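*Asks:* pasting the structure only:
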Ligand SMILES: NC(=O)c1ccc[n+]([C@@H]2O[C@H](COP(=O)([O-])OP(=O)(O)OC[C@H]3O[C@@H](n4cnc5c(N)ncnc54)[C@H](O)[C@@H]3O)[C@@H](O)[C@H]2O)c1
Ligand SMILES: N[C@H](C(=O)O)[C@H](O)COP(=O)(O)O
């Protein structure tokens, strides 16, 4: 397997730390992309490399880091505008290397959206939207996945007040179809079961607490069911995530960011993985952010980064096996 390309994320955050501390000599071949000095001090040897092809041999000596221009020392907790362009270009470089066949997948350490918007004019709400643009302006979904639960928010990084307007039947259909396709292609689920949350409390209570479910969500679900998709809902979101309910579906499609992310980050914060479905390349990420409050203290938990690396490797292997079959 070609090595994974791991972008360093916000240098003032915990990205370099969790990349270093999730490394092991016998682990999945990977290389970080960043300033090698930013990965030092975490008890792991750092091996600067100039090409991805050096990564596999370098793994036996320490964490391979593909040298990338991000000037100056990291300042934990305090992002530097001067480093923002390099943080952004490290993501683009990971995509370029993956699409050119030098790497097998992209794993992204957390970015601080506002720091990049301020420091580099980053024009996207987050990785997901940026990667969709780099992938050719494709339709993507953001899935948060763990052994306990998979969730997909239909709307992502927008204000709650904008959700009812942003939510359309076309968008929800695209999200559902992309989710179903990804569950089959990347999670090996041949007949995926998808639960759809209502937007309103009690899924609208028959119209007493909102009309979207009656007006268009239920008709859409019924149309997609008739088209062969195994869907349930719209259901009251507050009763979709207990253990018995979770046995009834393979993924839950929710209407907005926190409706989806609160349950998975409550159930499995340390092992949750953010996976973007619909891209022309594989991309995973830890389920957490830059954690400025603990950056530089050596106490960040690297488990979610390790899980993101493992999930990327599993997706690479599954797709390779499907090509051979
Ligand atoms: N994939 C990504 O790039 C990504 C994901 C989530 C948030 N973010 C960004 O990160 C920034 C901060 O976001 P936030 O404060 O909402 O969430 P956060 O995940 O950065 O931090 C929330 C809390 O969880 C703790 N935490 C997070 N990761 C941890 C780890 N690995 N080990 C131990 N504790 C950990 C933090 O210390 C903090 O107390 C924002 O700019 C946000 O947009 C980026
Ligand atoms: N919304 C995700 C979360 O809270 O974990 C995260 O911000 C995703 O961001 P990216 O699009 O940058 O992966």
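*Replies:* Arrived safely. It should be emphasised that the depicted structure is a prediction, and the values quoted were computed from it without experimental measurement. Ligands and ions are numbered 1, 2, ... in the order given.

*Asks:* Just the residues contacting the helix or strand hosting residue 183, thanks.
*Replies:* When elements are assigned from DSSP states H and E, residue 183 belongs to helix 169-187. Defining contact as Cβ atoms under 8 Å, 6 or more residues apart in numbering, one finds that helix 169-187 is touched by 139-141, 143, 145, 150, 152, 154-155, 189-190, 192, 194, 196, 216-217, 220, 224, 229, 231, 250-251, 253, 275, 277-278, 282, 315, 318-319, 322. C-beta coordinates here come from the backbone N, C-alpha and C atoms, glycine included.

*Asks:* The helix or strand immediately after it in the chain: how far from the chain's middle?
*Replies:* Remark: after helix 169-187, the chain's next helix or strand is strand 193-197, criterion DSSP H and E. Strand 193-197 has its C-alpha centroid displaced from the chain centroid by 20 Å (Cα atoms, centre = their mean, to the nearest Å).

*Asks:* touching ligand 1 at all, stretch 264-271?
*Replies:* No - contact of stretch 264-271 with ligand 1 (Cβ under 6 Å from any ligand atom) is absent, the minimum separation being 7.4 Å.

*Asks:* Repeat that for stretch 308-316.
*Replies:* No - for stretch 308-316, no contact with ligand 1 is found by Cβ under 6 Å from any ligand atom; the gap never falls below 9.3 Å.

*Asks:* Now that stretch: average pLDDT?
*Replies:* The predicted model assigns stretch 308-316 a mean pLDDT of 97.

*Asks:* ok so, going back, please narrow the contacts of helix 169-187 to those residing in helices.
*Replies:* 220, 224, 315, 318-319, 322 (DSSP state H).

*Asks:* could you pull out the strands for the stretch 51-200 of the chain?
*Replies:* For the stretch 51-200 of the chain, the strands defined by DSSP state E, counting those that start in this stretch cover 63-67, 106-108, 141-145, 150-153, 193-197.

*Asks:* Just the buried residues of the ones in helices among the contacts of helix 169-187.
*Replies:* Burial by neighbour count, 16 or more other Cβ atoms under 10 Å: within those this picks out 220, 224, 315.

*Asks:* As JSON lines, those with distance to ligand 2 would be great.
*Replies:* Output for those, formatted as JSON lines (distance: Cβ to the nearest ligand atom, whole Å):
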{"residue": "220", "distance to ligand 2": "24"}
{"residue": "224", "distance to ligand 2": "25"}
{"residue": "315", "distance to ligand 2": "16"}
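
*Asks:* Mind pulling up the pLDDT for the closest residue to residue 120 other than its chain neighbours?
*Replies:* Closest residue in space to residue 120, ignoring its immediate chain neighbours: residue 84 at 3.8 Å, by Cβ to Cβ, 6 or more residues apart in numbering. Looking at residue 84, its pLDDT reads 97.

*Asks:* which residues touch stretch 142-150?
*Replies:* Contact partners of stretch 142-150, identified using Cβ under 8 Å, 6+ apart, comprise 128, 151-153, 156, 179, 182-183, 187, 241, 246, 250-252, 260-261, 263-265, 267-268, 271-277, 287, 307, 311.

*Asks:* No further questions, thank you.
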